[in-house]
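> Sequence first, then the predicted structure:
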Amino acid sequence: MADDLELRFERTVQAEARIEPRDWMPDGYRKTLIRQIAQHAHSEIIGMQPEGNWISRAPSLRRKAILLAKVQDEAGHGLYLYSATETLGADREDLTTKLIEGRQKYSSIFNYPTLTFADVGVIGWLVDGAAICNQVPLCRTSYGPYARAMIRICKEESFHQRQGYELLMTMMRGTQQQRDMVQDSVNRWWWPALMMFGPPDSESTNTEQSMAWRIKRDTNDELRQKFVNMSVPQAEALGVTFPDPELKWNEERGQYDFGSPDWDEFWQVVKGGGVCNEQRIAHRRKAHEDGAWVREAAAAHAQKQAVVKEGAA
Amino acid sequence: MADDLELRFERTVQAEARIEPRDWMPDGYRKTLIRQIAQHAHSEIIGMQPEGNWISRAPSLRRKAILLAKVQDEAGHGLYLYSATETLGADREDLTTKLIEGRQKYSSIFNYPTLTFADVGVIGWLVDGAAICNQVPLCRTSYGPYARAMIRICKEESFHQRQGYELLMTMMRGTQQQRDMVQDSVNRWWWPALMMFGPPDSESTNTEQSMAWRIKRDTNDELRQKFVNMSVPQAEALGVTFPDPELKWNEERGQYDFGSPDWDEFWQVVKGGGVCNEQRIAHRRKAHEDGAWVREAAAAHAQKQAVVKEGAA
Amino acid sequence: KDALAAYCLMLGDDALIFSQRLAEWCSRAPELEEDIALANIALDLLGQARMLLTRAGEVLGKSEDELAYLRDEREFRNVHLAEIDCGPGPGGDFGTTIARLLVFSSWRLALFSRLRGSADPVLAAIAEKGLKELAYHRDHAAQWTVRLGDGTDESHRRVQAGLERVWPFVDELFATHAVETRLPGVAVDPASVKSEVDGVLDAVLSAAGLTRPADTRAARVAGMAGRDGVHTEAMGYLLAEMQHLHRSLPGAVW
Amino acid sequence: KDALAAYCLMLGDDALIFSQRLAEWCSRAPELEEDIALANIALDLLGQARMLLTRAGEVLGKSEDELAYLRDEREFRNVHLAEIDCGPGPGGDFGTTIARLLVFSSWRLALFSRLRGSADPVLAAIAEKGLKELAYHRDHAAQWTVRLGDGTDESHRRVQAGLERVWPFVDELFATHAVETRLPGVAVDPASVKSEVDGVLDAVLSAAGLTRPADTRAARVAGMAGRDGVHTEAMGYLLAEMQHLHRSLPGAVW
């Protein structure tokens, strides 16, 4: 019987069809998915902070509106993704606890500080750009609710990426001070963006099983290369350079060669030692704790309403 | 015996000599003094807030230093004055409690908000100016510690007043925007400054006994007139006007005639209904409560040290 | 013409400054759904502010950004209710935020519903567009008011405290200003919507089991308040944060 | 010459920004005596900042106010320890403030005591003058550290937590910067005072019965920190408040 189910599951995945919540799935698949989707959800939620940092100070009303809408979209993405985990039997409160206790990760990129308004543009261009590279393949991932959430998210993130790039274009057409701000921001974000694809394939764990399950569809290094190939001409159009002396077109490979990120820094940030790790988690914890009485009140009210309705029925 | 003491007290006061902490004094005198000195101390402490509001935003480093030093002086004045009440048997903690519970008053002028940096100058010029008019006679008040505190305070306040006036002079020599700021600020503070001398003599209580005891030496209206006479030429030198259409030189009286402040507003603010009453008290309460653990720690440490010394002795 | 610009600034600044306050909740709300909702409301108000400042700017020859970023505190004409700290800062909490939102949106909805008939076609169109948004804001606030009033003892206490905190600033909302008097047929006299708004508030508070605070009236400075550019001490800090970057890069393009 | 200006900005910005933080306590201290003491320390540091910015300005052709008010965040060269919120804001309390003051003043005192021998006579004179001030600051912090460490369980817990909060920012204080390397005989290499400062801190912590936190090292952004103009996210808000008025009135005279 179990073998039968497993076989059907394997066939569905091989056939590039979708596994749905009601379908049988192996425990490992379920656990891996919950962890991956939760981390993705956490990343959206924590990712609200570095950009949210500039909403109150946005230098034009139009940019303020764009930025606020973008950060709001991230909250929305978090919501879809937590919902996707709920279809797998996870509990949002439990996942939030894991996040604020440091037991589940989020994308390390958000542990870098946003220091100027140019960072808002560069996050849109490079960070969202890298995220899209990571996520587009997930639109064809084997788990239905996750794949559908990713389709929607990717669409919105492409929009955000264009907005970020457009902000930078505008700034590059502005004053010299603005152009310097953009270049400075690119210098600070380029390497962390490359790290978003995870450690080199040679050091990456989990990849093999996830590829077989079609939860992951490309290796870290493949995606990183793709991102570099895509970004270099965009940088040229913008008029900025990347802080990598090894970056150059390789005629033979038909791709760009590029240097290696500082993997020591990568692991340090992953392990909690980045510039903003503590700050980001403390911010989330405070919001969660300060809001406890509100969630309790809403639950108590709903409970009372349910009793009233029951009495009336 | 009691009569004898009372007689000696009366003679000392009549002779314009000083009553000292060790001397006998009537209960009413002691109570009136404690109340008056405490209110004065509270005024210094609450008065730190409206000006302190601009320290972080002072527009030049020189003005920042001057302002911070001035607000620090106010804390110092509060300290002398609380010490003077202690010579009368009062307790600082008890007086602070009375302040934050609204059972003792402070000068109502500090219940107006400081809205621009010009307010820092105008408070120096007009508010400190009015305070000095009120306080100079108190340098000859009958209670020794109070009189000596007032001498020191008046000296420092004259210095503050000159600094305030100098700031305004500088601003008036600046841009049109700065001149407008000064005039706007004078418009807002002129009437509240006149109210600092208290209600008209016809409505004032306590004055008679306080005059007999040489705790007070001039009536409210006398001091108010003196202040107006003094301020008008200063305003002319500055190039600003006071918002009083009735203000004009009266050749016959050899003094300025002037309009009547809005006494309804005065009583409203005294009774707690000013713009900032709640804010000022809440600020003080929070500082006091947030600092409780620090005061307890200091007391506990001093206690332990005393025990150690005793053991050693 | 000047009065029209001033009136647009009054309504525009209300929206701009309140939007700035609401956006402070972003990433700090009690739950994700509410983070989205508050951002939505802040965005709606920011949109209204932009249209109104643009309209004022047409008269004054200035852009929306010049008006938002290069005016000094004394030139802002918003009511105090919009600018005070009602949380997430130390001046309040979610209960206070909801109390302010209930009052503000009930009032603005009533104003905008009459403003649809304004003789100024631009104002009328802005009001028409804003109406649906404000109805949503008011409903959202009313639902939370009931939830908090009815929920737990603590939530009841907090939202009641929030009402007490904002109530002194209600009086200013209905005080007719000279600018409004000078624009008959164009501006709405806020005194004319008082009883309607009172009715709405009473109904919500009663459904929530909350007590309407006593009608106190925040003091003024020489008779002046927000509409005259006289603000609370909180306003300067809000503007410093909002305007600093724009002012730091004169001539920049955003 | 440029290196000298940069070095003066480093030392000057440390004092300016820390002074700005300390002045936030004004009217908020646990007792009146402490309000006066913290204001005093803030004033001393502000004085040092003014002399150092003036010296930098002589080289750069700018006034102290141009340097304080018209530089952008990326141009400030202070260490992170000076800028983080250690109270009275939500980022700390009096215990954290004392912990920072202890570390900062012990470090700066050691630096200034060597700086007296600087080949730059102006720097040497500034150091000479600042020495007595900094000795007072350090003593004041040390006394409070002992009082709080020894006082009550709560005060012990809080000042220990304060130490934990500031400790990650200690590493930066002793990291030699390229600017210092380029000024032999003029600048003091902060690495050279580490053991002296460690000794002082150990003595105070031991007298207070407190535990020296583990030496962690706050992360950098591409190897850069405060001395390179890369700051924490708290810095922008501090500067917005500090600079807004000055930037709002270009051409004004103060």
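Cool, the structure landed. The model shown is predicted, which means the values in this text are computed figures rather than measured ones.
> would you say residue C:122 is within a helix?
Yes - according to DSSP: H, G, I helix; E, B strand; the rest coil, residue C:122 belongs to a helix.
> what's the nearest residue to it if we skip its chain neighbours?
Leaving aside its chain neighbours, residue C:122 sits nearest to residue C:55 (5.2 Å; criterion: Cβ to Cβ, 6 or more residues apart in numbering or on different chains). C-beta here means a position set from N, CA and C on the backbone, and glycine is covered the same way.
> Show me what from the stretch 201-313 of chain A comes close to chain D.
Residues of the stretch 201-313 of chain A lying near chain D by Cβ under 8 Å from any Cβ of the partner chain: A:243, A:265, A:268-269, A:273-276, A:279.
> coming back round to it: phi, psi for the residue nearest to residue C:122 please.
Main-chain torsions, residue C:55, degrees, to the nearest 10: phi -60, psi -50.
> residues near it, how many?
The number of residues packed near residue C:55 is 23, by other Cβ atoms under 10 Å in any protein chain shown.
> Double-check it against residue C:126; I have them as touching.
Yes - using Cβ atoms under 8 Å, residue C:55 is in contact with residue C:126, at 7.2 Å.
> ok, which stretches of chain A are helices?
A:2-14, A:27-46, A:48-52, A:61-86, A:92-100, A:118-122, A:128-135, A:144-172, A:176-195, A:207-212, A:220-238, A:263-268, A:277-290, A:292-312 (DSSP state H).
> between these, which gets nearest to residue D:17?
helix A:277-290 (18.4 Å; Cβ to Cβ).
> so what does the closest one touch, helix or strand wise?
Counting contacts by 3 or more Cβ pairs under 8 Å, 6 or more residues apart in numbering or on different chains; DSSP states H and E, helix A:277-290 packs against helix A:27-46, helix A:48-52, helix A:92-100.
> Pull the contacting residues for residue C:76.
Going by Cβ atoms under 8 Å, 6 or more residues apart in numbering or on different chains, residue C:76 touches C:9, C:13, C:17, C:226, C:229, C:231, C:235, C:239.
> pLDDT score for the residue in the stretch 151-254 of chain C that chain A sits nearest to?
Using Cβ to the nearest Cβ, residue C:151 is the residue of the stretch 151-254 of chain C that sits closest to chain A, at 2.8 Å. pLDDT, residue C:151: 98.
> wait, it sits on residue A:298?
Yes - assessed by Cβ under 8 Å, residue C:151 is found in contact with residue A:298 at 6.5 Å.
> those strands in the stretch 1-150 of chain C, which residues are they?
With DSSP state E, counting those that start in this stretch as the definition, the stretch 1-150 of chain C shows no strands.
> roughly how far apart are the one residue in it that gets nearest to chain A and residue D:207?
Closest residue of the stretch 1-150 of chain C to chain A, Cβ to the nearest Cβ: residue C:30 (2.6 Å). The gap separating residue C:30 from residue D:207 is 45 Å, by Cβ to Cβ, to the nearest Å.
> between these two, who's got more neighbours?
Applying other Cβ under 10 Å to residue C:30 and residue D:207 shows that residue C:30 carries more neighbours, namely 25 against 14.
> what about the closest residue to that one other than its chain neighbours, neighbour count?
Leaving aside its sequence neighbours, residue C:30 sits nearest to residue A:291 (Cβ to Cβ, 6+ apart; 2.6 Å). A count of nearby residues for residue A:291, using other Cβ under 10 Å, gives 19.
> Can you give me every residue that contacts residue A:291?
Taking Cβ under 8 Å, 6+ apart, we find residue A:291 in contact with C:29-31, C:34, C:94.
> Nearest to residue C:202 among these?
Among these, residue C:94 lies closest to residue C:202 (Cβ to Cβ), at 22.6 Å.
> Now do the same contact list for the closest one.
Counting by Cβ under 8 Å, 6+ apart, residue C:94 touches A:290-291, A:294, C:29-30, C:87-88, C:158.
> which of the contacts of residue C:76 come close to chain D?
Among those, proximity to chain D is found for residue C:239 (Cβ under 8 Å from any Cβ).
> Would you convert the contacts of residue C:76 into CSV that also reports distance to chain A?
Below are the contacts of residue C:76 laid out as CSV (distance: Cβ to the nearest Cβ, whole Å):
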residue, distance to chain A
C:9, 14
C:13, 12
C:17, 12
C:226, 20
C:229, 20
C:231, 17
C:235, 14
C:239, 11
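> Which single one of the contacts of residue C:76 is nearest to chain B?
Among those, residue C:231 lies closest to chain B (Cβ to the nearest Cβ), at 6.7 Å.
> Wait, a strand at the closest one?
No - going by three-state DSSP, the assignment for residue C:231 is coil, not a strand.
> if I look at residue A:38, how far off is chain B?
Relative to chain B, residue A:38 is positioned 38 Å away (Cβ to the nearest Cβ, to the nearest Å).
> Chain neighbours aside, what residue packs nearest to that residue?
Using Cβ to Cβ, 6+ apart, the closest residue to residue A:38 is residue A:95 (4.7 Å).
> Next up, the contacts around that neighbour.
Each residue near residue A:95 by Cβ under 8 Å, 6+ apart is listed here: A:38, A:41-42, A:82, A:85, A:104.
> Quick check: the two most widely separated of those?
A:82 and A:104 (12.1 Å).
> Of the two, which one has the most company?
The neighbour comparison of residue A:82 against residue A:104 (other Cβ under 10 Å) goes to residue A:82, with 24 against 18.
> ok, now which ones touch the residue of the stretch 51-200 of chain C found nearest chain D?
Residue nearest to chain D within the stretch 51-200 of chain C (Cβ to the nearest Cβ): residue C:72, separated by 6.2 Å. Applying Cβ under 8 Å, 6+ apart to residue C:72 gives the contacts B:116, B:177, D:248.
> Could I get the phi/psi values of it?
Dihedral angles (degrees, to the nearest 10) for residue C:72: phi -90, psi 170.
> from the contacts of residue A:95, which is closest to residue D:68?
For those, the nearest to residue D:68 is residue A:42 (40.3 Å; Cβ to Cβ).
> How many residues are close by that closest one?
For residue A:42, the neighbour count with other Cβ under 10 Å is 24.
> Distance of the closest residue in space to it that isn't next to it in sequence relative to residue A:272?
Using Cβ to Cβ, 6+ apart and skipping residues adjacent in sequence, the residue nearest residue A:42 is residue A:106, 3.9 Å away. Distance of residue A:106 to residue A:272, given as Cβ to Cβ: 12 Å.
> more neighbours, the two?
Neighbour count, other Cβ under 10 Å: between residue A:106 and residue A:272, residue A:106 has more, with 22 against 14.
> Let me know how buried residue A:100 is, in neighbour terms.
Neighbour count of residue A:100, defined by other Cβ under 10 Å: 18.
> What pLDDT is listed against it?
96.
> and it, what does it touch?
With contacts defined as Cβ under 8 Å, 6+ apart, the neighbours of residue A:100 are A:281, A:284-285, A:288.
> Now tabulate these in CSV and tack on pLDDT, distance to residue A:223 and neighbour count.
As requested, those are exported to CSV (pLDDT from 0 to 100; distance: Cβ to Cβ, whole Å; neighbours: other Cβ atoms under 10 Å in any protein chain shown):
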residue, pLDDT, distance to residue A:223, neighbour count
A:281, 97, 27, 18
A:284, 98, 28, 21
A:285, 97, 32, 16
A:288, 97, 32, 18
